[in-house]
Structures are given as structure tokens and as C-alpha cells.
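Asker: Sequence first, then the predicted structure:
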Amino acid sequence: MAKKISPIYEEKDVIYDNKRWELLKELREKAMEVMKVLAKNSIESIIHGSIARGDVNEKSDIDIFIPQVIPSYIIENALLENGFKFYKKEITQATPNHVIKAIIYLDEKTKVTFPLIPLREREREFYKFGGEIELKELEKGKRVPGVDKRLMLIIPTNYGHHEISILYNTIEAAKIVGVSLELIMERIRVLTRRDEIGRTGVYFKADVNDNESFEAKFKERLEKDPNLRRLLIKRGIVFVY
């Protein structure tokens, strides 16, 4: 079930117990294992969301993102040659106007996501909105501010975190997180609507078999979907795979 938007004046300090600190350490170590393999193969990645902020719980996923467009076989080979197995592969597009992404699930809660076309600035900002850090920062134990799905700004502290609703603090939230005010307003609009009418699902999602490439699946989709063809034309992209 999607998280509900917090009340507009919600603000509080959250103190972590030992169990939560241990869970954060465990999830971060697992994320680093994957990110180190990618880095060894000259693939830069980030971890985003609760693991970057620190406010993890038992349901937290490990979301690793590669911001650049890289042929999928390079990423897959890097992971497979270092002992990782694929639980599932998926291609997805949130709306007809959003970037189309590839997702490799290493298990039910660990995934590596990468775009199949270049990201727009707003799409790249999305990850910073939720909080993101690079491998070097992760290794140093750094935590960063970010906004969760309740539209609460999570600010890490020595004892846990301080959280405050962004609904009346949009400008401050944009400055602290380091994103545009336009993105803050867009996320408020999207998540508030989801809160009112329920989750709307994604525009397109399909499994990718072990014997087919993400690019082949993308090409197959491109031939069937005029909206996707229009998106590429609008962004000035020529798909050459």
C-alpha cells in the first residue's frame, strides 16, 4: 500500500534504536557490494532513497541507479562475472512522457536501474529529491537529506533524523535537498493526487527474458507504440540498436 501524505504541520525528531542502526548498516553494506563491482567496471552509480537518508525499515529496498546510458550487456556482464545472479529483468515507463528504464533485480528487494535513453534534467533531479549518494560517500558513512513518499523532508542527525512536511516549506526543502522548486511542486502534485485516488500504475512494464536484451525489448516496444516514437522525436533521440 502506498504511504499516505503526512499532515501539513507534521514535524518531529525521530531517535533510532540499535536495531534500526544495525539494519541501516546491513543494507548499506549490501549496496556497497554491488556498487563496488560496477565501479570496478568504470560504471558510476548512486544509491537513493531511505538508505541514502538513513530512515530505513524492514520494508526498505536497495535501489541502485546508474544515471548514464550504457549498453545493457556491459552492466549485465559486470554483475554476472562477479557472482551476482538475476532474479528478474524488467523494462518500464512511468508515463508516455517519461524516460524508459531497464531494471535488473538481484533479489526481491535489490535492484539496479538504468535509463535506455538520456535523462532530462527533471528526471535526474528526481533521484536527488529522495536523497542520493555515491559509493565514496557511502563508504564514509555519509547520510543526506531527502524527501520520502509522505512528503516529509528527512534531515539526518546524530541520533536519527528530524522530519518536517514540505507542504508549507517548499522553498526551504528545495534549498536543503538541492533541487529545483519546480520539481518540488511537481512531486507534491503527483503524490497528493495518488493519495486522493490511489496508485495509478505505470504506463508500460514488461519482463525481459534471459535470452533477450533490454535494447531488443525497447526496439520491439518502439515499433508498437507511437507515443514512444513521438517521445524520441521530441527529445531529438535516434535509437540505433
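Answerer: Arrived safely, thanks for sending. Since the structure is predicted, the reported quantities are computational estimates derived from the model, not experimental observations.
Asker: and the longest helix anywhere in the chain, what does it pack onto?
Answerer: Secondary structure of the chain per DSSP state H: the longest helix is helix 18-40. On a contact count with 3 or more Cβ pairs under 8 Å, 6 or more residues apart in numbering; DSSP states H and E, helix 18-40 meets strand 46-48, helix 50-53, strand 62-65, helix 72-80, strand 110-115, helix 135-139. All C-beta spots, glycine's among them, are computed from the backbone N, C-alpha and C.
Asker: quick one: contacts of that helix?
Answerer: In this structure, residues lying in contact with helix 18-40 by Cβ atoms under 8 Å, 6 or more residues apart in numbering are 16, 44-45, 47, 51, 54, 56-58, 60, 62, 64, 66, 75, 78-79, 82, 84, 106, 110, 112, 135, 138-139, 160.
Asker: So which elements touch the lowest-mean-pLDDT helix or strand in the chain?
Answerer: One helix or strand of the chain scores below all others by mean pLDDT, DSSP states H and E: helix 181-197, with a mean of 87. When contacts are defined as 3+ Cβ pairs under 8 Å, 6+ apart, helix 181-197 packs onto helix 121-130, helix 170-177.
Asker: buried ones in the longest one?
Answerer: In this case it means helix 121-130. Of the residues in helix 121-130, those with enough neighbours to count as buried (16 or more other Cβ atoms under 10 Å) are Glu123, Arg124, Glu125, Phe126, Tyr127, Lys128, Phe129, Gly130.
Asker: Could I have the CA atoms of stretch 107-121 written out in PDB?
Answerer: Output in PDB follows, covering the C-alpha atoms of stretch 107-121 (Å, rounded to 0.1, in the frame of the first residue of the first chain):
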ATOM      1  CA  ASP A 107      16.700 -10.400  -5.400                       C
ATOM      2  CA  GLU A 108      13.200  -9.200  -4.400                       C
ATOM      3  CA  LYS A 109      14.400  -6.100  -2.700                       C
ATOM      4  CA  THR A 110      17.700  -5.200  -4.500                       C
ATOM      5  CA  LYS A 111      17.600  -3.700  -8.000                       C
ATOM      6  CA  VAL A 112      19.900  -1.900 -10.400                       C
ATOM      7  CA  THR A 113      18.100   0.600 -12.600                       C
ATOM      8  CA  PHE A 114      19.400   2.400 -15.700                       C
ATOM      9  CA  PRO A 115      17.900   4.600 -18.400                       C
ATOM     10  CA  LEU A 116      17.700   3.400 -22.000                       C
ATOM     11  CA  ILE A 117      17.600   7.000 -23.300                       C
ATOM     12  CA  PRO A 118      19.300  10.100 -21.800                       C
ATOM     13  CA  LEU A 119      17.500  11.600 -18.800                       C
ATOM     14  CA  ARG A 120      16.000  15.100 -18.800                       C
ATOM     15  CA  GLU A 121      17.200  17.400 -16.100                       C
END
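Asker: Name the residues that touch it?
Answerer: 30-31, 34, 38, 45, 60-70, 72, 75, 79, 87, 91, 99-106, 123, 214-215, 218, 232, 235, 237, 239.
Asker: Stretch 62-80 now?
Answerer: Applying Cβ under 8 Å, 6+ apart, the external contacts of stretch 62-80 come out as 27, 30-31, 34-35, 37-38, 40-41, 43-49, 51, 86, 102, 104, 106, 109-119, 124, 127, 132, 213-215.
Asker: Make a PyMOL selection of whichever of the residues you listed turn out to be buried.
Answerer: Buried members of the contacts of stretch 62-80, defined by 16+ other Cβ under 10 Å, are picked up in PyMOL with:
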select buried, resi 27+30+31+34+35+37+38+43+45+46+47+48+49+51+102+104+106+110+111+112+113+114+115+116+117+119+124+127+132+213+214+215
